[in-house]
Structures are given as structure tokens and as C-alpha cells.
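Engineer: Can you look at this prediction? I've put the sequence above it.
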Amino acid sequence: MTKPIRIAINGFGRIGRQFLKAALENKSLDIAAINDLGDIKNLAYLLEFDSVYGRYDKEIATGNNELIVDGKKIKYFKEPNPEKLPWKELNIDVVVESTGFFTSYEKAKAHLDAGAKRVVLSAPAKDENETVTATPNVNIAAMEKSKITSNASCTTNAITPIASIMSKKLAADSKYILIDIPYGKNAKISSREKALRIKRRFERLGRYFKRKVKCFITDGSQPVGNGIGPALELIDIIKILDPKQEGPLDLEKKSLFLAGSLFEMTGKAKNGCGEKMAEEILRSGKAFEKFKEIIKAQNGNLNRLKMAKFSHDIHSIKSGEITEINNYKINSLVRVSGCPVDKSAGIYLYSHVGDKIKKGQKIITIYAESMSRLNEAKRFYEKEKPIVIK
């Protein structure tokens, strides 16, 4: 079993506190220590009661230089000089630097000198030539080269998901906005309570901008559809849209539900009749023809769709039932295979949670544009085992 990544938080302001809450939901992370110059009891109170995020639903307590969250003891330090922190003794893998003060390579390097293996800045780096900024377009080699990386701006990171979605809808002058909010174990949104909070924020923004916004909270405990990766997901879509083919039923069902809800929102269908209208359009082939028109208008061509150069099938080593497909590990596996830079890379699932599996049955295919990527993805799968069969 892979050991959790041991993390220390330097700076327990709002960003440090929100990071702690998110990290405690992830079993692959272990918060070992916090360093802040503030009073521990005051910071414990601020962790529990936040004027923006509301009350934290965990039991908070303090001990002898310890912050205790739901029984988990986290060491607490008040050291102004990071070089003097016991990161080596605590075997710290990553320091989350969220004070806003140590934002250059030379300053943040104090954590490495203290024994930490890596440092992640929550604020923009002042020397970007030495400190790599983490963005979707930064390649893995660049990230691995520097032991100190920046996660850009803490403020914009906190607002990005909701603001990014809404800004695009407003820029397109959308009057009706339908948003799917999946939640579940190992999903980006781990609980229904968090999904409800996000739903309320979207709806509040909708009222402010005088748009009709409707949010649906759906099951995100496992992937929907079979393909994961740009080309593989497009194959799923074509199979659903083309009446002559058969696509993944879970994706088709969800698509019809959302499309039907949109028809009802816009008045195209009466309440309760939208899904039936969506299915009629799908079965008639009109949806597929409109899809091809959109592709053509964007100078695209479905004939250019190609599979990756290399692939590897993974078969079950025993009979049983799939009890879990870890979304987080599956997404990581897809990235290791080269996605999204390599559009044809990714994975294809043949079964889902609850399906019965026989020994030797094919459960997944990994696609990659290079043999080195494929081998790396195979090693990742064997190590992390994202699909659990019992």
C-alpha cells in the first residue's frame, strides 16, 4: 500500500485552513504539521467558524502544541524562521507555503534546507524562471525539474471553478444555464453537503446576473461512460448519437435527463415531457446530424479521429464483483498515459461498479502515443490498482 504524502502547512490563514479541510478528505495525504505565528486557540476557532465558508463540520480541539481535528493530532509550531523547522525529523514530503511572504526561490528554499523534499507556493512566484508555475499546460518534466513550484494565485484558485464556468456562460449570453454537479467518494466534490453549497452559489450568481440557472446534484462515485480522454470520449458520444450504433447506457441516460431538463427550462417541452422529447430527437438521428453540422462549421472532420499508436489490455486476475472505481486514481492514470496533451491517449473501461467479472476478463484498455508513456501507465495501474474487485 502506498504511503500517504506527508505535508506541512506554513501559514494558517484562510488558504492554509481551506487546504487543510480539503487535504483531510484525501486519504493519500497526511497533514503532519502546521507552522503559524498566531495563537493556536484563536486559529482553531477560525478553522471551525469561517465567515465565508461557514462552520466546519469536524470536532476541533487543541492540545500541547497540537491542533486536533476529529481526533487527528497535528503538530503546531510558532517558528518565524523556516530553516529552524523540524521538517527532516518529521519526514515532510511537501510544504504548502501559504504565508504570502516566502514567494521567491531563495526564500522558499529555507524549507528544503530544513529537510522538506518539495515546496508548493499558494501565491505567484516572484522569480518564475526558477519557480515553475503549475498550470494544465506545464509538462511533467518542467514540474519535476524544480523542487519549488507555485500554484499561482491563492485568491484566484479559490474562485476559479465557479467564476470560470459562469463567465463562459455569460460571455456566450446564455439565458438558461444547466449545471451538473457530480459528487461522491474520490470525486472532486466529496459530499452531498459540499455539492449543495456549490449549487446555492451558482443559483445566487444566476439571480444576480438575471439568468435562469438550474443545478442537478448527481452521482460522481465512478466514471460515466466508457472512454476517458478526448478521442475516447468522442467515440462514446458518436456511439450514442448515431442510431445505428450502441453507446454506454449510463452516459446516454444522463445525457437524455439533462437535455430534457433544458427543454423544460426553455419552454420547449412541458414539465415532465422534456426527456421524452430528447429521446425522440436522439432516436430519429436529428441530434447526430446537428452534431455533424457543428463539427463541419468548426472546420472539423470526424474522419480525422484516430486511435493512439500503442495500447495495452488489462485483464482481471480473479472472478468477483467490481466494488470500486477510484475516480482520483483513474484521472491520474489518464494523465500518466499522456492525456490531455495527447488527444488520443486515455483509457477505455469495459465494466462499472456492480458488474460481475470473470477471471481473465478484459476490464480496461490503456492508450498512449509512445511506448514509454504506455509502460509508465501500466506501472501506475499495477501500483495504485484503481479498480477494486472482490
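Structural biologist: Now that the structure is in, tell me what you want to look at.

Engineer: Just the element for residue 168, please.
Structural biologist: In the assignment (DSSP states H and E), residue 168 maps to helix 154-171.

Engineer: Hmm, residue 378 is touching residue 311, no?
Structural biologist: No. The pair residue 378 / residue 311 is not scored as a contact, 10.8 Å apart, by CB atoms under 8 Å. From N, CA and C alone the C-beta is placed, and that goes for glycine too.

Engineer: quick one, phi psi at residue 210?
Structural biologist: Note on residue 210: backbone dihedrals following degrees, to the nearest 10 are phi 60, psi 50.

Engineer: per-residue confidence for it?
Structural biologist: pLDDT, residue 210: 93.

Engineer: So which bits of the helix or strand that the helix holding residue 168 is followed by are buried?
Structural biologist: Moving toward the C-terminus from helix 154-171, the next helix or strand (DSSP H and E) is strand 176-183. Applying a neighbour-count criterion of 16 or more other CB atoms under 10 Å, one finds 177-179, 181-183 buried in strand 176-183.

Engineer: again, but for stretch 184-204
Structural biologist: Within stretch 184-204, the residues scored as buried using 16+ other CB under 10 Å are 184, 186-187, 189-190, 194-195, 198-199, 202-203.

Engineer: measure residue 64 to residue 76 for me?
Structural biologist: 9 Å (CB to CB, to the nearest Å).

Engineer: Which of these two has more residues huddled nearby?
Structural biologist: Between residue 64 and residue 76, counting by other CB atoms under 10 Å, residue 76 is the more crowded of the two (20 against 6).

Engineer: Look at the more buried one and tell me its secondary structure.
Structural biologist: Following DSSP: H, G, I helix; E, B strand; the rest coil, we place residue 76 in the strand state.

Engineer: Now do residue 129, the pLDDT please.
Structural biologist: At residue 129, the pLDDT value in this model is 53.

Engineer: Show the pLDDT at the closest residue to residue 371 other than its chain neighbours.
Structural biologist: Excluding its sequence neighbours, the residue lying closest to residue 371 (CB to CB, 6 or more residues apart in numbering) is residue 310, at 5.6 Å. At residue 310, the model reports a pLDDT of 95.

Engineer: Equivalent analysis for the one 10 residues further on, please.
Structural biologist: Residue 320 is assigned 96 on the pLDDT scale.

Engineer: That one and residue 357, how far apart?
Structural biologist: In terms of CB to CB, residue 320 sits 6 Å off from residue 357.

Engineer: Find the residues that touch each one of these two.
Structural biologist: residue 389 (CB atoms under 8 Å, 6 or more residues apart in numbering).

Engineer: higher neighbour count, these two?
Structural biologist: A direct count of neighbours by other CB under 10 Å for residue 320 and residue 357 places residue 357 higher, at 19 against 14.

Engineer: Contacts only, for the residue nearest to the more buried one when sequence neighbours are not counted.
Structural biologist: Sequence neighbours aside, residue 316 is the residue nearest to residue 357 in space, at 4.8 Å (criterion: CB to CB, 6+ apart). Residue 316 sits next to 357-361, 363, 389 when contact means CB under 8 Å, 6+ apart.

Engineer: likewise residue 362?
Structural biologist: Counting by CB under 8 Å, 6+ apart, residue 362 touches 313-315, 350.

Engineer: need the helices for the stretch 101-250 of the chain, in chain order.
Structural biologist: 105-113, 140-145, 154-171, 192-208, 230-241, 249-265 (DSSP state H, counting those that start in this stretch).

Engineer: To residue 344, which of those helices lies closest?
Structural biologist: Ranking the helices of the stretch 101-250 of the chain by proximity to residue 344 (CB to CB) places helix 230-241 first, at 4.4 Å.

Engineer: other SSEs contacting the closest one?
Structural biologist: When contacts are defined as 3 or more CB pairs under 8 Å, 6 or more residues apart in numbering; DSSP states H and E, helix 230-241 sits against strand 227-228, helix 249-265, helix 286-297, strand 346-349.
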